[in-house]
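S.K.: coordinates for the following, if possible.
(one chain, ligands or ions: 1)
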Amino acid sequence: MTDARDAVLVLNAGSSSLKYQVVVPGTAEVLAKGLVERIGEDGGPDGAGVPDHGAAMSVVTDQLADAGLDLGRTGLRAVGHRVVHGGPDFSDPVLVDDAVVADIRDLVPLAPLHNPGALAGIEAARAAFDIPQVAVFDTAFFTSLPPAASTYALPEDIRTQHRVRRYGFHGTSHRYVSRAAADLLGRPLESFQQVVLHLGNGCSASAIAGGVAADTSMGLTPLEGLVMGTRSGDVDPAVFTFLHEQVGMSVAEIDTMLNKRSGLKGLAGVNDFREVLARADAGDGDARLAFDVYVHRLRHYVGAYTAVLGGLDVLVFTAGVGENAPRLRAAVVETLGRLGLSVDPERNEAPSHEARVVSPDGSPVTVLVVPTNEELEIARQTATLLDTRHD
Ligand code: ADP
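M.R.: All right, here's what the predicted structure looks like:
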C-alpha cells in the first residue's frame, strides 16, 4: 500500500468531467491520475456516464483504491482544487470554507462555463474527504497586473458595477513556468524580464517583470488574445454587432462561433496543431494560412510585451504546441532577430521532455522550452498554504 500522507489530490472539475492527480509536492511524484467523463449522463446505452459530481468522486476513490491508494488507511494531506475564476480579489490560494464557496459562486456570472463545475467538484470532495481543501485560482497570478494593463477603456459603470476588466487565465501555468525558468537558468527570478507563451488548446502570453505579472493576453474571459485551437483570440468587438445586425446571428450563436468554431479550427478545419502542420505540409492553403495567422499573432504579442517590459531577457515556450513544435518556435523568432531573439536549430529540434535552452550561447534573449505542470503547481501551493497555516 502506497503511503500518500504527504500527497495532495489535485482536482480539475468541469461541468461534465473530473480530472484528478495524486501528487507528492516535495518530490513531484505522481501516485495516480485519471479522468472521469460524461458527468450528468446517467448511464446511457453503454452505461459509461455518471449522474453527478458526487458519483464521479466515488469513481475517483475506487480508481485510487485500484491504484493501491487506500485513502481510509493512509489518508491524503489535502485536496487542491483548480478554480478558473477568482475575480479581482483572490490573489493567493485559500482554504475552502462556506464563505469561500459563496465567493466562488458570486463569480459564476464572470465564468458561467467554468466556475459551476469547480463548485460541484468542491462540494463533492468536501462530502467525500474529511481533509483540508484548498482552492487555487487560474486568475490569481494576474491580480498583480497594473491598472494600465488590467483596465479596458470603457465607461465607469461598466468597469465597476459589472466588474468588466482584464483578469487573465492560465495563471497557475505561467507562475510555474516562470519560476522553473529561473531554476533552469540559476538566476534569481527578480533579476530578469520574461515573456511566457502557453500554447495548448487554449493559448495565452504573459509579460513577467522580476517574477511579477505585468501583462497577459486573456481578458475578461479566456477568449481574448492569441489564436487558439477553437477560439478566435483578438477580433474587433464590432464583429459582434456586425454579425448580429447585418447577418442576423444571435448573441449565443456568435459566442459559440468565436469560442468553438474559430481559431485554428475556423481557419484550417482542425484544431489539433499537429494536423494543421501535416495539412500545411501536404499543400493545403487553408492550413498554411492558419499557421501564418497563428505565428503573426504570437510575434505581435512578443514584440508588444518586450515594449511593455522595457526589454526582454527570456522567452519561454510551454504547453502542447510550445513544448513540442520546433517549427513553430523557429517561425515565431524568425522576424525578431533585431529584438535579440533567435533559436539554435540543433538545440531547437532536439527531442526532449526536459526544460532546456534552445537559443545560441551568448544570445541577447535566452529562449527556453519549459514543460508546464499545473497539477504540481496546485499541489505545491496547497502544501505551502497548509505549512504556513501550521506554523
Ligand atoms: P490543453 O490546453 O488541452 O492542456 P495541450 O497543452 O495538451 O492542451 O496542447 C494540445 C495541443 O498541442 C494540440 O494542438 C496538439 O496538436 C499540440 N501538440 C501536441 N504534440 C505536438 C507535437 N508533437 N507537435 C505539434 N503540436 C503538438
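S.K.: compute the number of surrounding residues for the residue in the stretch 51-200 of the chain that the ligand sits nearest to.
M.R.: For the stretch 51-200 of the chain and the ligand, the shortest gap (Cβ to the nearest ligand atom) falls at G200, measuring 2.6 Å. The way it works is simple: take the backbone N, C-alpha and C, and place the C-beta from them, glycine included. Using other Cβ atoms under 10 Å, G200 has 18 neighbouring residues.
S.K.: how many residues are close by the residue lying closest to it once chain neighbours are set aside?
M.R.: Distances taken as Cβ to Cβ, 6 or more residues apart in numbering put A319 closest to G200, at 3.6 Å, once the chain neighbours are dropped. Around A319 there are 23 other residues, counting by other Cβ under 10 Å.
S.K.: next, count neighbours for H296.
M.R.: When neighbours are counted by other Cβ under 10 Å, H296 comes out with 13.
S.K.: buried stuff in the helix or strand encompassing it?
M.R.: Secondary structure from DSSP states H and E places H296 in helix 285-309. Of the residues in helix 285-309, 287-288, 290-291, 293-295, 297-299, 301-303, 305-306, 308-309 count as buried by neighbour count, 16 or more other Cβ atoms under 10 Å.
S.K.: all the helices of the stretch 251-391 of the chain, residue numbers only.
M.R.: 251-260, 263-268, 273-281, 285-309, 319-324, 326-334, 345-349, 374-390 (DSSP state H, counting those that start in this stretch).
S.K.: ok, the stretch 101-250 of the chain next?
M.R.: Using DSSP H, counting those that start in this stretch, the helices of the stretch 101-250 of the chain run over 115-128, 147-150, 156-160, 171-185, 238-247.
S.K.: let's have the ones you listed in a markdown table, adding mean neighbour count.
M.R.: As requested, those are exported to a markdown table (neighbours: other Cβ atoms under 10 Å):
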| stretch | mean neighbour count |
| --- | --- |
| helix 115-128 | 21 |
| helix 147-150 | 13 |
| helix 156-160 | 10 |
| helix 171-185 | 22 |
| helix 238-247 | 12 |
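S.K.: in a markdown table: those, plus distance to R327 and mean pLDDT.
M.R.: A markdown table is the format used below for the helices of the stretch 101-250 of the chain (distance: least, Cβ to Cβ, whole Å; pLDDT from 0 to 100):
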| stretch | distance to R327 | mean pLDDT |
| --- | --- | --- |
| helix 115-128 | 35 | 95 |
| helix 147-150 | 31 | 98 |
| helix 156-160 | 41 | 96 |
| helix 171-185 | 21 | 98 |
| helix 238-247 | 30 | 97 |
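S.K.: ok so, going back, and the residue nearest to G200, how far from F273?
M.R.: 10 Å (Cβ to Cβ, to the nearest Å).
S.K.: M57 too?
M.R.: Counting by Cβ to Cβ - M57 and F273 are separated by 33 Å.
S.K.: equivalent analysis for V134, please.
M.R.: 33 Å.
S.K.: go on, T384?
M.R.: 34 Å.
S.K.: and these two? which has more neighbours close in?
M.R.: F273 (24 against 14).
S.K.: centre of the chain to the helix holding H296, how far?
M.R.: 19 Å (Cα atoms, centre = their mean, to the nearest Å).
S.K.: what residues does that helix touch?
M.R.: Outside helix 285-309, the residues within contact range by Cβ atoms under 8 Å, 6 or more residues apart in numbering are 149, 193, 195, 197, 199, 205-207, 209, 214-215, 217, 225-227, 233-234, 264, 267-270, 275-277, 279-280, 312, 315, 328, 331-332, 335-336, 339, 341.
S.K.: residue of the chain nearest the ligand, please.
M.R.: For the chain, Cβ to the nearest ligand atom, closest residue to the ligand: G320, 2.0 Å.
S.K.: residue contacts, that residue?
M.R.: Counting by Cβ under 8 Å, 6+ apart, G320 has contacts 199-201, 273.
S.K.: redo that, cut-off 7 Å
M.R.: G200 (Cβ atoms under 7 Å, 6 or more residues apart in numbering).
S.K.: ok, now V316?
M.R.: So V316 contacts 177, 181, 194, 196-197, 368, 370 (Cβ under 7 Å, 6+ apart).
S.K.: how close does the most centrally placed residue in the chain sit to N12?
M.R.: Nearest residue to the geometric centre of the chain (Cα atoms, centre = their mean): H170, 2.8 Å. Between H170 and N12 the distance, using Cβ to Cβ, works out to 13 Å.
S.K.: next one: D234
M.R.: Distance from D234 to N12, by Cβ to Cβ: 27 Å.
S.K.: neighbour count winner among these two?
M.R.: More crowded of D234 and N12, by other Cβ under 10 Å: N12, with 21 against 15.
S.K.: that one sits in which helix or strand?
M.R.: Using DSSP H and E, N12 falls in strand 8-13.
S.K.: quick one: mean pLDDT for that strand?
M.R.: Mean pLDDT, computed over strand 8-13, is 97.
S.K.: use 45 as the first number for this chain going forward.
M.R.: Got it, the first residue is 45 from now on, which makes the last one we talked about strand 52-57.
S.K.: against which helices or strands is the next helix or strand after that strand packed?
M.R.: Downstream of strand 52-57, the next assigned helix or strand under DSSP H and E is strand 62-67. With contacts taken as 3 or more Cβ pairs under 7 Å, 6 or more residues apart in numbering; DSSP states H and E, strand 62-67 sits against strand 52-57, strand 74-80, helix 97-110, helix 418-434.
S.K.: let's have those in JSON lines, adding distance to E398.
M.R.: Formatted as JSON lines, the helices and strands packed on strand 62-67 follow (distance: least, Cβ to Cβ, whole Å):
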{"stretch": "strand 52-57", "distance to E398": "22"}
{"stretch": "strand 74-80", "distance to E398": "17"}
{"stretch": "helix 97-110", "distance to E398": "29"}
{"stretch": "helix 418-434", "distance to E398": "15"}
